[in-house]
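S.K.: structure for this input, please:
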Amino acid sequence: MNLRRMDLQRKKGLWGWVFIAPFVVGFLLIYSKVFVQSIIFSFQSFSSDESGMVNTFVGWSNYKNIFLENADFNKTLLSSVSLSVFNVPVILILSLFVAVLLNQKMHGRAIFRAIFFIPVILSTGIIAQAEQSNRMVNTMMDISGAATGAAGGSIISAMDIQALVSQIKIGTEITNYVVSASNNIYNILNLSGVQILIFLAGLQSISPSIYESAKIEGATGWESFWKITFPMVKPLILLNLFYSLIDSFTNPQNGLITLIYNTGIKQGRFGIATAMAWSYTAIIAVLVVVLITFIGLFTYKQRRSEGR
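M.R.: Here you go, the predicted structure:
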């Protein structure tokens, strides 16, 4: 029975590789040259003269500059990583909690689902339209401080919360904290829509008869959640974990993304900006590897305990 189960799992794994092979091959063919070129750029310095753009090999100078001389990069990097480490667990817990609520039998359930997910779609469309007109976005960035390299640019920043809170006269530090907290709450809610849908799809695949049997046996709602719901959606937690982690690190409102953009596009320091981008990518890769290792060890120990 175990051998048959292993064969079935192996076949599923092979079919999984077959399905993703076209994407992997196409990705490597299209972007491999771009990756190699960007790595080369990170070791070069760019300047312009009468003949055009001139690039000069400078070795590790760009990387030394961002880590040893550029205080903005280190500060923004630490802030971005810390914020992502805090936001990802909150997004997962909030998404699962909301999905469980929306999966309950109640009147107007479809309306509540739309309330939670439509803002994600609308906010994307509104911001895209605003970027085309290039008017409202500039107003947002001026109010939130994004033009100076600070993390901002969200809809809540444009609502002039700072002016509203400052009228209470509670001090600059508390005012900045309230504005920052409001932006963070908005970002968490805005980044939870897809995760809610994934959890909701997983919850709807659980047969109601399982919950009915547990209820007949005297299980409480809390016991049903930990012994039925949570084990059944555990694979989706891993999926949403990686999605949320990558989404949080690559979000356009991430302060480090803004810093890299300003350094490369606005200041024309392409070598420094590329070094920042690859350093950020390496740090994300290390965190993902550590996370995969931790999850692998946890899964291995759990399977060994179940085998006993």
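S.K.: which residues touch the closest residue to Gly59 other than its chain neighbours?
M.R.: Closest residue in space to Gly59, ignoring its immediate chain neighbours: Phe43 at 6.2 Å, by CB to CB, 6 or more residues apart in numbering. Quick note: C-beta positions are derived from backbone N, CA and C, even for glycine. Residues in contact with Phe43 (CB atoms under 8 Å, 6 or more residues apart in numbering) are Phe57, Val58, Gly59, Trp60, Asn62, Gly271.
S.K.: now do Phe43, the pLDDT please.
M.R.: At Phe43, the model reports a pLDDT of 90.
S.K.: and the closest residue in space to Ile206 that isn't next to it in sequence, which of the three is it?
M.R.: In space, and not counting its chain neighbours, Ile206 is closest to Met232: 5.2 Å by CB to CB, 6+ apart. Recorded secondary structure, Met232: helix (DSSP: H, G, I helix; E, B strand; the rest coil).
S.K.: any idea how far Met232 lies from Ile210?
M.R.: Noted for Met232: a distance of 8 Å to Ile210, by CB to CB, to the nearest Å.
S.K.: how about Ile91?
M.R.: From Ile91 over to Ile210 the distance is 27 Å, taken as CB to CB.
S.K.: those two: which is more packed in?
M.R.: Using other CB atoms under 10 Å, the more surrounded residue of Ile91 and Ile210 is Ile91, with 27 against 14.
S.K.: what's the strand or helix carrying the more buried one packed up against?
M.R.: Secondary structure assigned from DSSP states H and E places Ile91 in helix 71-102. Contacts defined by 3 or more CB pairs under 8 Å, 6 or more residues apart in numbering; DSSP states H and E place helix 71-102 against helix 109-133, helix 172-190, helix 193-204, helix 230-249, helix 255-261, helix 270-307.
S.K.: now with 6 Å?
M.R.: helix 172-190, helix 193-204, helix 230-249, helix 255-261 (3 or more CB pairs under 6 Å, 6 or more residues apart in numbering; DSSP states H and E).
S.K.: so which bits of it are buried?
M.R.: 73, 76-77, 80-81, 83-84, 87-88, 91-92, 94-96, 98-100, 102 (16 or more other CB atoms under 10 Å).
S.K.: rewinding a little: filter the contacts of Phe43 down to the buried ones.
M.R.: Val58, Asn62, Gly271.
S.K.: in terms of helices and strands, where is the second one?
M.R.: The one in question is Asn62. Here Asn62 sits within helix 61-64, counting by DSSP H and E.
S.K.: name the residues of that helix that are buried.
M.R.: By neighbour count with 16+ other CB under 10 Å, helix 61-64 contains the buried residues Ser61, Asn62, Tyr63.
S.K.: I'd like to know how far the last one sits from Ser45.
M.R.: Summarising the geometry, the distance separating Tyr63 from Ser45, computed by CB to CB, is 12 Å.
S.K.: how about low-confidence regions in the chain?
M.R.: Applying pLDDT under 70 to the chain flags residues 1-6, 48-52, 108-109, 113, 116-184, 302, 306-308.
S.K.: just the buried residues of the longest helix seen in it, please?
M.R.: Ranked by number of residues, the top helix in the chain under DSSP state H is helix 2-41. Under the neighbour-count criterion of 16+ other CB under 10 Å, helix 2-41 has Ser38, Phe41 buried.
S.K.: mind giving me the packing neighbours of it?
M.R.: So helix 2-41, by 3+ CB pairs under 6 Å, 6+ apart, packs with helix 270-307.
S.K.: helices or strands next to the helix it packs on in the packing?
M.R.: If you count contacts as 3+ CB pairs under 6 Å, 6+ apart, helix 270-307 packs onto helix 2-41, strand 44-49, helix 61-64, helix 255-261.
S.K.: please repeat the previous calculation with a cut-off of 8 Å.
M.R.: Judged by 3+ CB pairs under 8 Å, 6+ apart, helix 270-307 is in contact with helix 2-41, strand 44-49, helix 61-64, helix 71-102, helix 230-249, helix 255-261.
S.K.: got the buried residues for that helix?
M.R.: Result for helix 270-307 [16+ other CB under 10 Å]: buried residues Phe270, Gly271, Ile272, Ala273, Thr274, Ala275, Met276, Ala277, Trp278, Ser279, Tyr280, Ile284.
S.K.: would Asn55 count as being in a strand?
M.R.: Yes: the assignment for Asn55 (three-state DSSP) places it in a strand.
S.K.: got a list of what the residue lying closest to it once chain neighbours are set aside touches?
M.R.: Spatially, and ignoring its direct neighbours in sequence, Asn55 is nearest to Gln44 (4.5 Å; CB to CB, 6+ apart). Taking CB under 8 Å, 6+ apart, we find Gln44 in contact with Asn55, Thr56, Phe57, Val58, Asn62, Gly271.
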